[in-house]
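# this one's sequence-less:
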């Protein structure tokens, strides 16, 4: 059975453009091994929009205007109008339309990405996103909406790029219950901490990251722990059944005082890492936090250099499972979207809907 | 869509018995979340056989006779006769009969497990096995046979118990090509090495493992590196497209001289680990080996304590991905069979057959 998807790209920055190239590079393998083909039928950014049921030329659009901004009311309206057009609506009803959401995270409320996802699901489209916002702020309602519609809402790229976390749990760990997690999931802060261990000041290490294009011009999303908090929220919502937002995550970041802490830890042979963790309190409440932790040198997380990431899942049947990302970059993030697309193609619509594995817990 | 499997258990030792209990414990979750149910219709060991199309009582059989031996001609004949009976053959034709092969590895040639697998596939049954032999000695021919029959031949438990390796690659890393691997995959030798670092002799450390029931009475399968070599062969065959056997794997084990090596490494702050690795030579040949390696303390593999295992996959699109097993035991191995059963239930028989991702290479 071959599956031909029509893709609506909202957001068209580096990740989306690399995704378009990756689709092209992997076209033969996707068709041969998975019976999947994909056709881009619309692209919308804050500055430009293009749509055609027969397909659009992403490369010529790219030359004209690219944009990573989170979109505006115009993008929302464009998407709503598009999904109302019969040519697109018919494909959505057939389960062949997919929203590929790659706008940047707005840490205040996850919007308008959440609106884009909701509009797509309401119209019968599947959704894949590399934006952490929708699952960090609205996982429960969006996944319930997808389940009712018989569609998928997937976000593998939200944590550790294309390294499988959510697909790992859902596709390869049937009946296993994840009871908690901890890990290092923000590459920029891990890089800065590694540089500071070499004696650089926080300000210098940050400046280097910015010069190399690794940290954003406004670095607070990374260094204040917001990116990690968003990922912790996604993990807690999707794996533990929480209903939290990044603002419910206890949060600590890096600052001028971090250098002294690193030096003190080093005297004991320990390393300081920015660790996310989540689990259930004895009273059944789900908690998640982002905190600097001093780890012994032989700890798996202590060994992470530069931009490496790792996540350790606590499970009922298999004990602790760790997955480590040792290389990172644009291809890895773009690949997450591709792997989610294949996951959709494998969805058996006759399969019983997947329910959360974890008991529902109260969240702060 | 619900899937009701009939299971034929060949081998009924600790792993199979834990699997039967696990099926029972997870019955509700399997039905609710995956639409899967399973009924045991036959059990065959060297010392006892029982079969009924309506189901057999594994627990009362268990009290009578349990056996981990690799089976004899009698088991082969029993299996052949069973699969010829119309009541079982009908279920096989419907894709609902599954051979659960848990006999122990015979490192000489992987038989009779290979014969059991072949007989099952020939009759139209799926196969799941925790025995490394079939994939270590005959992966290419058995997987081709399964593909032609439209059936699955799965062996997640062959490496790192129930931690997903093969299902990880096949279900969550579409179009990604694995180009090599290295890791620590034998728990017993890692435990012995850890004990020897505390100053115990090889003989004492081994005796402790045997007293605790971790090492076999005949420990050569573990300490001479044969178990690791069998796993390396499975990994090379299934992930790299090799056609090798454990006898093609370069192999080193532990012995009296290992203590001196550990002491010398420790003076440099390094740790000695029994590392399996595989990859392609510049001339396109696939090689695999098992060797003691001195690793720096911050190496991911160096940090593995006791029975912990880890495998690092080199990939084209995602760089290195490591997966670490931090707990191990009977449940983990038995779980591998359960996860394979769910993987079969998800198989879409209309999906194009999966071809090996890697270029076919010459093997020694």
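Thanks, I have it. Just so it is clear, the structure is predicted and the values come from calculations on it, not from any experiment.

# rest of the way, CA atoms for contacts and neighbours
Noted.

# Let me see the ranges of the strands in the stretch 1-150 of chain A.
All strands of the stretch 1-150 of chain A, identified by DSSP state E, counting those that start in this stretch, fall at A:3-10, A:36-44, A:49-51, A:97-101, A:126-129.

# The fourth one: how far from the chain's middle?
Looking back up the chat, that one is strand A:97-101. Chain-centre distance of strand A:97-101: 15 Å, with CA atoms, centre = their mean, to the nearest Å.

# avg pLDDT for that strand?
Averaging pLDDT along strand A:97-101 gives 98.

# Who does that strand pair with, and is each partner parallel or antiparallel?
Within its sheet, and counting by DSSP bridges, strand A:97-101 is paired with strand A:3-10 (parallel), strand A:126-129 (parallel).

# Deepest-packed of those strands, please.
strand A:126-129 (a mean of 27; mean count of other CA atoms under 10 Å in any protein chain shown).

# Tell me which of the strands of the stretch 1-150 of chain A lies nearest to residue B:90.
strand A:3-10 (31.4 Å; CA to CA).

# could you check the angle strand A:36-44 makes with the closest one?
Compare the direction of strand A:3-10 with that of strand A:36-44 by axes from the mean of the first three to the mean of the last three CA atoms, to 10 degrees and you get 20 degrees.

# Up against chain B, what does the stretch 51-200 of chain A have?
Within reach of chain B by CA under 8 Å from any CA of the partner chain, the stretch 51-200 of chain A has these residues: A:162-164, A:167-168, A:171-175.

# and if we set it to 7 Å?
Contacts of the stretch 51-200 of chain A with chain B, taken as CA under 7 Å from any CA of the partner chain, map to A:164, A:167-168, A:171-175.

# Where do the helices of the stretch 1-150 of chain A begin and end?
Per DSSP state H, counting those that start in this stretch, the stretch 1-150 of chain A carries helices over the ranges A:14-25, A:27-34, A:58-64, A:73-84, A:86-93, A:113-122, A:133-149.

# Pick out the shakiest of the ones you listed, pLDDT-wise.
Set side by side, the helices of the stretch 1-150 of chain A give their lowest mean pLDDT on helix A:58-64, at a mean of 71.

# so can I have TSV of the strands of the stretch 1-150 of chain A showing distance to residue B:107?
Below are these laid out as TSV (distance: least, CA to CA, whole Å):
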stretch	distance to residue B:107
strand A:3-10	43
strand A:36-44	41
strand A:49-51	61
strand A:97-101	49
strand A:126-129	46
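
# Least confident of those strands, on average?
When these are compared by mean pLDDT, strand A:49-51 comes last with a mean of 89.

# which neighbours does that strand have in its sheet, and in what orientation?
Applying DSSP bridges to the sheet, strand A:49-51 is found paired with strand A:36-44 (antiparallel).

# chain center to the partner strand: distance?
From the chain centre to the centre of strand A:36-44 is a distance of 20 Å (CA atoms, centre = their mean).

# Contact partners for residue A:274?
Residues counted as contacts of residue A:274 (CA atoms under 7 Å, 6 or more residues apart in numbering or on different chains) are A:184, A:290-293.

# Beta-bridge partners for it, please?
On the basis of DSSP bridges, residue A:274 is bridged to residue A:292.

# With chain B as the reference, measure out to it.
Distance, residue A:274 to chain B, by CA to the nearest CA, to the nearest Å: 18 Å.

# neighbours around the nearest residue to residue A:41 once chain neighbours are set aside, how many?
With CA to CA, 6 or more residues apart in numbering or on different chains as the criterion, residue A:41 has its nearest non-adjacent residue at 4.2 Å, and that residue is residue A:55. Close neighbours of residue A:55, defined as other CA atoms under 10 Å in any protein chain shown, add up to 16.

# what sits against residue A:55?
Per CA under 7 Å, 6+ apart, neighbours of residue A:55: A:39-41.

# again with residue A:337
Applying CA under 7 Å, 6+ apart, the residues near residue A:337 are A:128-130, A:157.

# low-confidence ranges in chain A?
Applying pLDDT under 70 to chain A flags the ranges A:1, A:62-73, A:217, A:348-364.

# switch the cut-off to 90
Scanning chain A with the threshold set as pLDDT under 90 gives A:1-2, A:45-50, A:57-78, A:205-219, A:255-256, A:297-298, A:305-307, A:326-330, A:346-364.

# Chain B contacts on the stretch 201-350 of chain A?
A:298, A:300, A:303, A:317-327, A:331-332, A:339, A:350.

# quick one, phi/psi of residue A:247?
Here is the backbone geometry of residue A:247 (degrees, to the nearest 10): phi -80, psi -10.

# so how far is chain B from it?
Using CA to the nearest CA, residue A:247 is found at 31 Å from chain B.

# are any of the residues of the stretch 51-200 of chain A next to chain B buried, and which?
The neighbour-count criterion (16 or more other CA atoms under 10 Å in any protein chain shown) marks A:164, A:167-168, A:171-175 among those as buried.

# Contacts only, for residue A:51.
The neighbours of residue A:51, taking CA under 7 Å, 6+ apart as the test, are A:41-43.

# The residue most central in space within chain A and chain B, how far apart?
Centrality entry for chain A: nearest residue to the mean C-alpha point is residue A:158, 0.8 Å, by CA atoms, centre = their mean. Going from residue A:158 to chain B by CA to the nearest CA gives 15 Å.

# Can you name the residues that contact that residue?
A:130-132, A:231.

# redo that, cut-off 6 Å
The contact partners of residue A:158, by CA atoms under 6 Å, 6 or more residues apart in numbering or on different chains, come to A:130-132.

# Could you tell me which of the residues you listed count as buried?
Buried among the contacts of residue A:158 (16+ other CA under 10 Å): A:130-132.

# which among those residues gets closest to chain B?
Chain B lies nearest to residue A:130 out of the buried ones among the contacts of residue A:158, by CA to the nearest CA, at 15.8 Å.

# and the residues of the stretch 201-350 of chain A next to chain B, which are buried?
Looks like those have A:298, A:300, A:303, A:317-327, A:331-332, A:339 buried, using 16+ other CA under 10 Å.

# The residues you listed in strands, which ones?
Taking DSSP state E, the ones among those that sit in strands are A:319-325.

# returning to that earlier point: any idea how far residue A:107 is from the residue nearest to the centre of chain A?
As for residue A:158, its distance to residue A:107 is 13 Å (criterion: CA to CA, to the nearest Å).

# tell me, what's touching those two both at once?
Shared contacts of residue A:158 and residue A:107 (CA under 6 Å, 6+ apart): none.

# Check for me that residue A:310 belongs to a helix.
No: going by DSSP: H, G, I helix; E, B strand; the rest coil, the assignment for residue A:310 is strand, not a helix.

# still on that earlier bit, by neighbour count, which of the contacts of residue A:274 wins?
Taking other CA under 10 Å as the neighbour criterion, residue A:290 ranks highest of the contacts of residue A:274 with 27 neighbours.

# For that residue, list the residues it contacts.
Neighbouring residues of residue A:290 by CA under 6 Å, 6+ apart: A:251-252, A:275-276.

# How is it assigned, secondary-structure-wise?
The assignment at residue A:290 comes out as strand when based on three-state DSSP.

# Against residue A:250, how distant is it?
6 Å.

# State the distance from residue A:280 to residue B:200.
For residue A:280 relative to residue B:200 (CA to CA), the value is 40 Å.

# Which one's more surrounded, the two?
Neighbours were counted for residue A:280 and for residue B:200 using other CA under 10 Å; residue A:280 has more, 18 against 15.

# ok, the closest residue to that one other than its chain neighbours - how many residues close by?
Leaving aside its sequence neighbours, residue A:280 sits nearest to residue A:286 (CA to CA, 6+ apart; 4.4 Å). Residue A:286 has 24 neighbours, counted by other CA under 10 Å.

# Fine by me, thanks again.
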